[in-house]
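**Student:** Compute the structure for the input listed below.
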Amino acid sequence: MVVIQINNVQIGYCDSNIKTTLPKQDWMDKLRQEDPQYWGWISRQCLVHQQLFKEEFLDLRRRLNDTQTVHSLQRLTGCEWVEENEEVTGFHRYGYDGESFLEFDLKTQTWITSKPESVDIISKDNEKNFWTDFVNRFCINWLKKLPKYARSSLMTPVRPSVSLLQKTPSSAVSCHATGFYPNRAELFWSKYGVEIHEGVDKGEILPNHDGTFQMSVEMDFSSVPEEERKKYECVFQLSGVKVDIITSLGGSMTNELVIKYLETRIAGVVVGVVVGLLLLCMTALLLWKKNKTGFRAASSKFSPH
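**Tutor:** Here you go, the predicted structure:
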């Protein structure tokens, strides 16, 4: 299975069953309708990479002589393009059974690995040329073409809703911001306009299902006198937006969103996120199970690390 992302937003999907690429955003569907030739090329890449990935996986399994009944192989390939100076960077990494084990350094054209036997399997000269060309030509071409369709949804900042959450009167207070875009944002507690660092638990920026993001920052105010609490504020700052969102601790709090928020946060931590200015990622996963007649493809489940 292949998942395509740009700026942490899933835009396309394909797998070995459907054998074509499906758009995951409205503007990607517009691209499919307006440029069917280009969309056809994208869909063909699904078939090409499926075969490459299968061959790599089977070679690796045989070389490692691993007798486990279930294995997973993941590949993460992407690029970042800075439009102002035309700077291009890229990466190409492999993971086996959830652990990183091989990475291709595009600058030095060398493989870095924790398992020397894996280099003989994947690091052929034609593989080096293929992935270098893929990053420097195809990936960058995608990044230059896609914003034409995605600019309205990818480039416009979206301000979040900010809530103060507290499970019990003695619990830490969580300032939770959700629904913002892009993911270049800051959230912190302050007193008299000065950011507080001590005793603060700052969470990661996590993706929402609609392409926006969420984050939280917690602080324990149990030892702060009631009359002093109104001096504390939660401040949210979003890249591209000059006006901050400031929420006073003296305002009302709710606990009805706490359970839902915690579940979302846990789920978000499991899903790995690759951050970049304009980043395209292709992640593939294939699971195999052993039966009496050998190895066969099993139901695949996307599980990025």
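**Student:** what about the nearest residue to Lys128 once chain neighbours are set aside, how many neighbours?
**Tutor:** Leaving out its chain neighbours, the residue that sits closest to Lys128 by Cβ to Cβ, 6 or more residues apart in numbering is Gln109, at 5.7 Å. All C-beta spots, glycine's among them, are computed from the backbone N, C-alpha and C. Residue crowding around Gln109 was assessed by other Cβ atoms under 10 Å; the count is 12.
**Student:** Look up phi and psi at Gln109.
**Tutor:** phi 60, psi 40 (degrees, to the nearest 10).
**Student:** ok, it touching Trp131?
**Tutor:** No: taking contacts as Cβ atoms under 8 Å, Gln109 lies outside contact range of Trp131: 9.9 Å.
**Student:** buried set for stretch 23-33?
**Tutor:** Residues of stretch 23-33 classed as buried by neighbour count (16 or more other Cβ atoms under 10 Å): Pro23, Lys24, Gln25, Trp27, Met28, Leu31, Arg32.
**Student:** and the last one, which of the three is it?
**Tutor:** To tie it back to what came earlier, the one meant is Arg32. With DSSP: H, G, I helix; E, B strand; the rest coil as the basis, Arg32 sits in helix.
**Student:** For this structure, which residue is located at the greatest distance from the centroid?
**Tutor:** Ranking residues of the chain by C-alpha distance from their mean position (Cα atoms, centre = their mean) puts Glu227 at the top, at 42.1 Å.
**Student:** Please tell me how far that one sits from Val235.
**Tutor:** 21 Å (Cβ to Cβ, to the nearest Å).
**Student:** do the same with Val173
**Tutor:** Per Cβ to Cβ, Val173 is found 14 Å from Val235.
**Student:** confidence score at Asp125?
**Tutor:** In this model, Asp125 is scored at 55, pLDDT.
**Student:** Which parts of the stretch 101-250 of the chain are helices?
**Tutor:** 116-122, 125-133, 140-145, 147-154 (DSSP state H, counting those that start in this stretch).
**Student:** before we move on, back to that, the more surrounded of Val173 and Val235?
**Tutor:** Val173 (22 against 18).
**Student:** which residues does that one form a beta bridge with?
**Tutor:** Met219 (DSSP bridges).
**Student:** What is the burial count for the nearest residue to Gly95 once chain neighbours are set aside?
**Tutor:** The shortest distance from Gly95 to any non-neighbouring residue, by Cβ to Cβ, 6+ apart, is to Gln74 (4.1 Å). By other Cβ under 10 Å, the residues close to Gln74 number 22.
**Student:** Give the bridge partners for Gln74, please.
**Tutor:** Beta-bridge partners of Gln74, counted by DSSP bridges, are Gly95, Leu285.
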